[in-house]
Each structure stands twice: as C-alpha cells, then as structure tokens.
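>>> quick one, what's the 3D model for this:
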Amino acid sequence: MADRKSTTAIVIHCSASRPSLDIGVREIRGWHLARGFKDIGYHVVIRRTGVIELGRPIPAIGAHVEGRNQDTVGVCLVGGLDDTGKAVMNFTPSQWAALAITRRFLSAVYPAAEWLGHRDLSPDLDGDGAVEKHEWLKQCPCFSVSDWLKRGMPVTGPLPG
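Numbering: from 1, shown residues only. Presented below is the predicted three-dimensional model:
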C-alpha cells in the first residue's frame, strides 16, 4: 500500500451496525476483504467499549471515501444503526472519550487537516456551496462533526428531522 502524499482531512465514519454488535478491526477487515479491498479501509476503529484499534497504517492511503482516499485519514465509530436498521447516533460515552483522544493525536500529527463526517463529502447537488441533508449520500456518521468540534459529545439518540 502506498503512503499519502498529503493529508487534508480526517473523516469520521460509522460502521452502520446495530448497538449489540461488538465488532472491531478484525470483523470490518473481513467485510472489506470480501468486497475486494486490499485491507480494511479505515485507519482507526473505535469499538463500543471505547477501545481504539488501528486498521490500515496511518500514513497509508485508505479506502473509506470514494474520490478522497488519497488525502484523508478514516476513523470509524462502531454503531450507527438502531435494532431495526435505522440510522441513529448511538455511540457510547466511552466511544466519545476515545474519539476525543483520537482527535488530539491525529490533530497533532496532521495539524492542518480538516475534520469532516463522511456525509459532508457528499456532492453539492444544488451548487449552493453547502452539502445539506437532502444531498447526503449516506447519513454516516449520524452526527454533525462540526457541531461535535464546537460542543463536544452530542446527545445520543435518533437523528433530528
């Protein structure tokens, strides 16, 4: 795997899994290999318990955002679906704490990198300069990364609207 030449963004994802599913790098790597990836697409996976697991080597080009893998690091929070399969922000307090640690580390390594959610990289279909809810290709990571950066841990629960 080749290394990134530059890192312009850290992209937060969710695994789109139910809260009872205790998975990590091993399981997600299996999913990604079955889809034809060379390895797990994410660089960091944060389990429901808050354990931080390393996936692809941090400097390596990932496979987590089509069209933006060359200049981004992928961080995946396990969860993001309720028991019926509906998108929901259901991350644990331990995951939020682990995400804050991950943010401090990656921001020290890549101080100029912007923090985004996967959905923030959806196309701006109406060309107004903002990617809005009706333009999201996915709801991932099921919360506003910009709000999290401003306020810290959001309230867990169903998505608004």
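
>>> okay but Ser17 is in contact with Leu77, surely?
No - counting by Cβ atoms under 8 Å, no contact exists between Ser17 and Leu77, whose distance comes to 9.9 Å. C-beta: built from backbone N, CA, C; applies to glycine.

>>> out of the two, which sits in the busier spot?
Leu77 (28 against 21; other Cβ atoms under 10 Å).

>>> measure that one to Pro111 for me?
Look at Leu77 and Pro111: by Cβ to Cβ, to the nearest Å, they are 22 Å apart.

>>> please apply the same query to Met1.
On the measure of Cβ to Cβ, Met1 and Pro111 end up 24 Å apart.

>>> who's more crowded, those two?
Using other Cβ under 10 Å as the criterion, Met1 and Pro111 rank with Met1 on top: 11 against 8.

>>> need the pLDDT of that one.
Met1 carries a pLDDT value of 80.

>>> next one: the one 10 residues further on
Val11 carries a pLDDT score of 97 in this model.

>>> pretty sure it sits against Glu66.
No - look at Val11 against Glu66 with Cβ under 8 Å: they stay out of range, at 11.3 Å.

>>> quick one, which of these two is more surrounded?
Val11 (28 against 8).

>>> mind listing the strands the strand or helix carrying the more buried one pairs with, and their directions?
Using DSSP states H and E, Val11 maps to strand 9-14. Its sheet considered, strand 9-14 pairs with strand 72-77 (parallel), strand 114-117 (parallel) by DSSP bridges.

>>> ok, Tyr42 touching Val75?
Yes - using Cβ under 8 Å, Tyr42 is in contact with Val75, at 6.7 Å.

>>> may I have the helix ranked longest in the chain exported as CSV, CA atoms only?
As assigned by DSSP state H, the longest helix anywhere in the chain is helix 93-109. C-alpha atoms of helix 93-109 as CSV (Å, rounded to 0.1, in the frame of the first residue of the first chain):
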residue,chain,number,x,y,z
PRO,A,93,-19.7,7.7,26.3
SER,A,94,-16.5,5.5,26.1
GLN,A,95,-16.5,6.0,22.3
TRP,A,96,-16.9,9.8,22.6
ALA,A,97,-13.9,9.8,25.0
ALA,A,98,-11.9,7.6,22.6
LEU,A,99,-12.8,9.9,19.7
ALA,A,100,-11.5,12.9,21.7
ILE,A,101,-8.2,11.1,22.3
THR,A,102,-8.0,10.1,18.6
ARG,A,103,-8.7,13.7,17.7
ARG,A,104,-5.9,15.0,19.9
PHE,A,105,-3.5,12.5,18.4
LEU,A,106,-4.4,12.9,14.7
SER,A,107,-4.6,16.7,15.1
ALA,A,108,-1.0,16.7,16.5
VAL,A,109,0.2,14.6,13.5
